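> Please work out how this folds:
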Amino acid sequence: MSEQSSAQPLGIRHVARALVFDPADRLLLIEYESVHAIEPDGKPLRFWFMPGGGLEPGEDHVTACRRELSEEIGRADCPIGPQVAACDGPFHLFRQSRDARERYFLVRLPDDRVDTSRLMETEDNPLHGTRWWSVSELLSTEARIEPAGLGELAARLVAGHVLEAPIILNWRQT
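I've put the predicted structure just below:
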């Protein structure tokens with residue numbers, strides 16, 4: 001796989017994302033297509049990612065997370081739980097590469113109802129849809145899930161483990 005590289009330093013982007021679980025303990029992910037990375041067969045790399053996005057001026061992470069969930073999955077009513085993970089560092093799969101400072105929050109929905117009709121409006125990368133993933137599917141898939149360790153974190157959360165501090169995750173190497 002190839003990735004975009006640049007001699008110029010990447011801009012820092014502060015991001016809030018949500019690990020959104022339904023009552024069946026499935027995690028909601030969005031499938032994107034990279035405009036930079038390609039598979040060995042020459043096709044664009046596809047990857048799965050959590051709902052969320054960049055902080056707007058004056059927003060904190062929780063406020064941004066709530067706004068992003070309203071925009072991307074039509075759920076403005078979500079109680080935002082604790083921060084459960086973070087992932088910092090260069091990320092090159094989206095159209096605009098960035099030095100990401102991502103914070104991940106636990107969200108439990110009372111049902112699996114989502115409205116993704118506005119999702120295409122908010123994204124600059126091609127996207128292919130959303131899917132609810134069981135923990136066993138997350139742990140056994142060969143699909144690219146970002147960041148690395150997300151499946152293991154989901155398993156811990158579903159099992160009811162109380163995290164003393166947010167887990168540090170890392171971007172997958174290509």
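> Strands of this structure, start to end?
Listed from the start of the chain, the chain has strands (DSSP state E) covering 12-21, 27-38, 44-49, 52-54, 83-91, 98-108, 127-133, 167-168.
> so residue 51 touches residue 17, yeah?
Yes: Residue 51 sits in contact with residue 17 when judged by C-beta atoms under 8 Å, with a separation of 6.6 Å. C-beta here means a position set from N, CA and C on the backbone, and glycine is covered the same way.
> related to what we said a few turns ago, compile the strands of the chain into TSV and extend it with columns for distance to residue 155, mean neighbour count and mean pLDDT.
Converted to TSV, the strands of the chain look like this (distance: least, C-beta to C-beta, whole Å; neighbours: other C-beta atoms under 10 Å; pLDDT from 0 to 100):
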stretch	distance to residue 155	mean neighbour count	mean pLDDT
strand 12-21	11	21	95
strand 27-38	10	20	86
strand 44-49	16	19	88
strand 52-54	20	19	92
strand 83-91	12	18	91
strand 98-108	13	20	93
strand 127-133	11	15	91
strand 167-168	12	14	96
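> which other residues reach whichever helix in the chain runs longest?
Identified as the longest helix of the chain according to DSSP state H is helix 61-73. Residues external to helix 61-73 that are found in contact with it (C-beta atoms under 8 Å, 6 or more residues apart in numbering): 14-18, 20, 28, 30, 51-56, 59, 75-76, 78, 80, 83, 103, 105, 107, 114-116, 118-119, 121-122, 130.
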